[in-house]
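[1] pasting the sequence and the predicted coordinates here, then a few questions.
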Amino acid sequence: MDSPGGEVEATRLQKLMEERNNRVLVVEEQKENEEKEKTAAREEFYAKAMKEFRESIEGMGEPKEPYEQFRDHWMELWGEGGHFGDFEDNTAMPPMRFTLCGPRSGCTMDTLQFFYVKVASIDDSLQWPLDVYGFVAVRDVLDRKRNMIFCCDRDNCQTINQQDPYLALTGPTRGVAVSGDPCYFEVKLKLKGTAESEDKDFSLFASTYRPCCPKRMFTSKLSTLEMSFQELFNSVEATISVEVTDGSWPDGFRGEFSASTDNPPDMKVNLLKCVDEKLPAGADGKIQLTRRVVSVELDGFLKVSIIAHCVNVKPKICEAIFAPERCGTSFNSEIEVGSCRMKVTVCWSLFGLGP
């Protein structure tokens, strides 16, 4: 039989255990409530942060494409006050600015010589051939405006195929100067659809050119373009014209006119490629070249080549070589292709800032 003292002790221990368990339950409940409060506070904080973030994005509008960022950059630097005109303006600075002036009127400059622009690859969703229109331009320190390398509108788009993916260059319209300030390549090409509403962006970008990093491959939208160009040093501008002075272009031959310099010796600037046997000459005999402005290093030379092609006949090649001048005019009237006698004229000019 248990003693009364043992029963009292057991009761006291049981009470202590109940009190301990009650304290544990209270502490656990407090911890649970605190955790719920912390969770609610975190959720409220994140909800508020997300709301503020969404409101800031809506205030900014949609993120701008790099091309639009370039436009804003140009407007901020050179659009203020309208001194350089509008962003869409083409250069109004002509070639031959100092041809009739003295050799001290301008200066030689480093320049860019463009050889070709071709479509290196296209998106898998596209199929050759492609109808392309738009422009490829370069902006330099002389006036910050577009100097067109390639330009055609929708109604006169160029059809390119996988075998001949080269754009038909028509520029630059004057020499492209390189200086401490960067040049900018600007490209806006579209694909012509069956209706204008079905046209697609083919290439859209602006890229900075600096001599230390001459990038030549540009991927944008649905294509990758490859540009071939060369930086020339201490150079002058040469404007080329060709005139038929006697006779006529030989029947059955297609004409190809090009210019080259000793830097680089293996590259040429296409001045004209006749798609048929007709030579595009006016009533005055002047041939309508698609390109006519090139750059020449002052200690180098300029070579103008005329090639007559005919099926199953060896091409006829004629060349005229010129030593560059700071100003003035050079000509050669000894080029003959069959009975067709031609005179090549080169107008030399230095460079200068401003109008």
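    Received, thanks.
[2] so where's the stretch 51-200 of the chain shaky on pLDDT?
    51-63, 81-82 (pLDDT under 70).
[3] just the strands in it please.
    109-122, 130-139, 147-152, 158-160, 176-178, 183-191, 200-209 (DSSP state E, counting those that start in this stretch).
[4] among the ones you listed, which comes closest to residue 66?
    Closest approach to residue 66 among these is made by strand 200-209 (6.4 Å; C-beta to C-beta). To be clear about C-beta, it is placed using only N, CA and C from the backbone, and glycine gets the same treatment.
[5] can you list the strands that that closest one pairs with?
    strand 183-191 (antiparallel) (DSSP bridges).
[6] what lies in contact with the strand it pairs with?
    Counting by C-beta atoms under 8 Å, 6 or more residues apart in numbering, strand 183-191 makes contact with 67, 70, 74, 112, 126, 130-141, 146, 154, 176-177, 199-209, 218, 220, 222-223, 225, 227, all of which sit outside it.
[7] what strand or helix carries the spatially closest residue to residue 316 that is not a sequence neighbour?
    Distances taken as C-beta to C-beta, 6 or more residues apart in numbering place residue 308 nearest to residue 316, at 4.2 Å, with adjacent residues excluded. Assessed by DSSP states H and E, residue 308 sits inside strand 302-310.
[8] contacting residues for the residue nearest to residue 316?
    Neighbours of residue 308 in contact, by C-beta under 8 Å, 6+ apart: 249, 250, 253, 254, 255, 256, 315, 316, 337, 338.
[9] drop anything exposed from those residues.
    249, 250, 253, 254, 255, 256, 316, 337 (16 or more other C-beta atoms under 10 Å).
[10] show residues contacting stretch 141-152.
    If you take C-beta under 8 Å, 6+ apart as the criterion, stretch 141-152 is touched by 74, 78, 84-85, 88-93, 114, 117, 133-140, 158, 167-174, 176-177, 179, 181, 183, 186, 351-353, 355.
[11] list the contacts for residue 199?
    Taking C-beta under 8 Å, 6+ apart, we find residue 199 in contact with 154, 190, 191, 192, 193.
[12] what about 10 Å?
    Residue 199 makes contact with 131, 133, 134, 154, 157, 190, 191, 192, 193, according to C-beta atoms under 10 Å, 6 or more residues apart in numbering.
[13] filter the residues you listed down to the buried ones, ChimeraX style.
    If you want just the buried ones from those in ChimeraX, going by 16+ other C-beta under 10 Å, the selection is:
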select :133,134,157,190,191,192
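[14] turn the contacts of residue 199 into a markdown table, including distance to residue 238.
    Shown next, in a markdown table, are these (distance: C-beta to C-beta, whole Å):
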| residue | distance to residue 238 |
| --- | --- |
| 131 | 34 |
| 133 | 30 |
| 134 | 28 |
| 154 | 33 |
| 157 | 31 |
| 190 | 33 |
| 191 | 35 |
| 192 | 35 |
| 193 | 40 |
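[15] just the contacts of residue 199 now: which is nearest residue 245?
    Looking across these and measuring by C-beta to C-beta, the closest to residue 245 is residue 157, at 36.0 Å.
[16] dump the residue contacts of that closest one.
    130, 131, 132, 133, 134, 189, 190, 191, 192, 199.
[17] cool, residue 316 as well?
    250, 253, 255, 306, 307, 308, 309, 310, 336, 337, 338.
[18] how much space between residue 335 and residue 241?
    Noted for residue 335: a distance of 13 Å to residue 241, by C-beta to C-beta, to the nearest Å.
[19] pull up the overlap in contacts between those two.
    343, 344.
[20] could I get the full set of strands for the stretch 251-355 of the chain?
    Under DSSP E, counting those that start in this stretch, the stretch 251-355 of the chain gives strands at 254-261, 269-273, 293-297, 302-310, 313-322, 328-337, 340-349.
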